[in-house]
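Enquirer: Predicted model and sequence follow; I will ask about them next.
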Amino acid sequence: MVTEAGPIYVGGPDRCGKTLVAALLGSHSRIAIPIVGSNLWTYFDGQYGDLADDRNLDRCLAALVRYKHARFLGPDLPRLRRELRAGDATYARLFALVHEHFAERAGKPRWGDQTGLVERYGEPIFAAFPDVRFIHMVRDPRDRYEGSLSMWPSGRGRAGAAVARWRLSIDLGERNARRWPDRYRLLRYEDLVRNPEEVVAQLCAFVGEAFEPAMLDLPDAPTYRAKLAAGAGGGPLINPSHIGDYRGRIPAPELAFMQGQLGSRMRRHGYLPDRVPMSPLDRARYAAVGWPSQATRMVAWDAIERVQQRLPGIVGRRPSAAMIVDRTQHLDGAGGQP
């Protein structure tokens, strides 16, 4: 299948509005973007060696078809093998074929993908798809962290890891936007939910499609639409009600750590630090215990990230066990993780 325009990637950390953008653009009559993040680059890129070797390709496809988010896309393994062997057997082309087939089944000529932190792969994505358009979601890191904690209370790595994750994403986004200014857009979640019609029209212009007002009603994402409607309480589907949710919900020491580490980056994107009231005793505890604990988590996350990114074939990222299914198991949907 040959698409009529380049692919659309939606990136950024978790809890930043990627699913909302995917639902909006995926409700365009010409664009198909799965409502779940595919994570194909994250969990498969470079992890199975040269795909021109049939043994490597078979191992890759066997793993892919057992991953819930990939199965949501309905991969046709015989067709993938046949079409990949007919051209360059690269990971980028394999991922494109999976999404092209998904778009074909949806009856749409253009495909897109949303994946958390896919901005890590800017170099190979822009090399493989010269006409790609990349939308990078940005959200106040404090609200992003609060949203993550509301879903995953154990908060793997707590504020330290949240700082490292947001900092990596924003640094990559700023770098990518400088390198590919006409094809890469940083979009604040807050701007989208405050002015959805205006911003979605701008996104359509960015990706080279005509704005369709019906997109705002999310007709091609009914499950997600129902979730938004339930939370809106009869109000607009897309609204700014969750801006500032972090206030009173993030412990003061963690808030102080986040703002101390991210202050300059936050200001560059319009997020002003709050005053964090702490007693002298609380400040002493923060200096002695809180700051070192979060700094250790931040450094550990950074170190693991660097190793996994540089050595995917040895210590590549893997889906959690809960996201792996038996090949014969029927899937009605797919879950997610932070």
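Expert: Happy to help now that I have it. Numbers count the residues shown, from 1 in each chain.
Enquirer: backbone phi and psi for Gly244, please?
Expert: Backbone torsions for Gly244, taken as degrees, to the nearest 10, come to phi 80, psi 10.
Enquirer: And for Gly160?
Expert: phi -60, psi -50.
Enquirer: Quick check: which helices or strands does the lowest-mean-pLDDT helix or strand in the chain pack against?
Expert: Ranked by mean pLDDT, DSSP states H and E, the weakest helix or strand in the chain is helix 141-151, scoring a mean of 92. For helix 141-151, the packing partners by 3 or more Cβ pairs under 8 Å, 6 or more residues apart in numbering; DSSP states H and E come out as helix 158-179, helix 252-268. The way it works is simple: take the backbone N, C-alpha and C, and place the C-beta from them, glycine included.
Enquirer: That one vs helix 252-268, what angle?
Expert: 130 degrees (axes from the mean of the first three to the mean of the last three Cα atoms, to 10 degrees).
Enquirer: With just CA atoms, put helix 141-151 into CSV.
Expert: Extracted as CSV, the C-alpha positions of helix 141-151 are listed here (Å, rounded to 0.1, in the frame of the first residue of the first chain):
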residue,chain,number,x,y,z
PRO,A,141,5.7,18.2,34.5
ARG,A,142,3.9,18.5,37.9
ASP,A,143,0.5,17.7,36.4
ARG,A,144,2.1,14.9,34.3
TYR,A,145,3.5,13.4,37.5
GLU,A,146,0.2,13.8,39.4
GLY,A,147,-1.6,12.1,36.6
SER,A,148,0.8,9.3,36.5
LEU,A,149,0.5,8.7,40.3
SER,A,150,-3.3,8.7,40.0
MET,A,151,-3.0,5.7,37.8
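Enquirer: which residues are in contact with that helix?
Expert: 13-16, 155, 159, 162-163, 166, 242-246, 249-250, 254-255, 258-259, 262, 266, 271, 338 (Cβ atoms under 8 Å, 6 or more residues apart in numbering).
Enquirer: which of these count as buried?
Expert: Neighbour-count burial (16 or more other Cβ atoms under 10 Å) applied to the contacts of helix 141-151 gives 13-16, 155, 159, 162-163, 166, 242, 246, 250, 254-255, 258-259, 262, 266, 271, 338.
Enquirer: contacting residues for Ala284?
Expert: So Ala284 contacts nothing (Cβ under 8 Å, 6+ apart).
Enquirer: Please tell me how far it sits from Pro292.
Expert: 13 Å (Cβ to Cβ, to the nearest Å).
Enquirer: One more: His136?
Expert: 32 Å.
Enquirer: more crowded one of the two?
Expert: His136 (25 against 12; other Cβ atoms under 10 Å).
Enquirer: residues touching that one, list them.
Expert: By Cβ under 8 Å, 6+ apart, the contact set of His136 is 10-12, 119, 169, 173, 176-177, 184-187.
Enquirer: pLDDT at Asp326, what is it?
Expert: Asp326 carries a pLDDT value of 76.
Enquirer: nearest residue to it other than its sequence neighbours?
Expert: Computed as Cβ to Cβ, 6 or more residues apart in numbering, the closest residue to Asp326 that is not its neighbour in sequence is Arg66, at 7.4 Å.
Enquirer: where does the residue nearest to the spatial centre of the chain land in three-state SS?
Expert: The centroid of the chain falls nearest to Gly116 when counting by Cα atoms, centre = their mean (2.2 Å). Three-state call for Gly116 (DSSP: H, G, I helix; E, B strand; the rest coil): coil.
Enquirer: Chain neighbours aside, what residue packs nearest to it?
Expert: In space, Gly116 is closest to Asp14, 5.1 Å off (Cβ to Cβ, 6+ apart).
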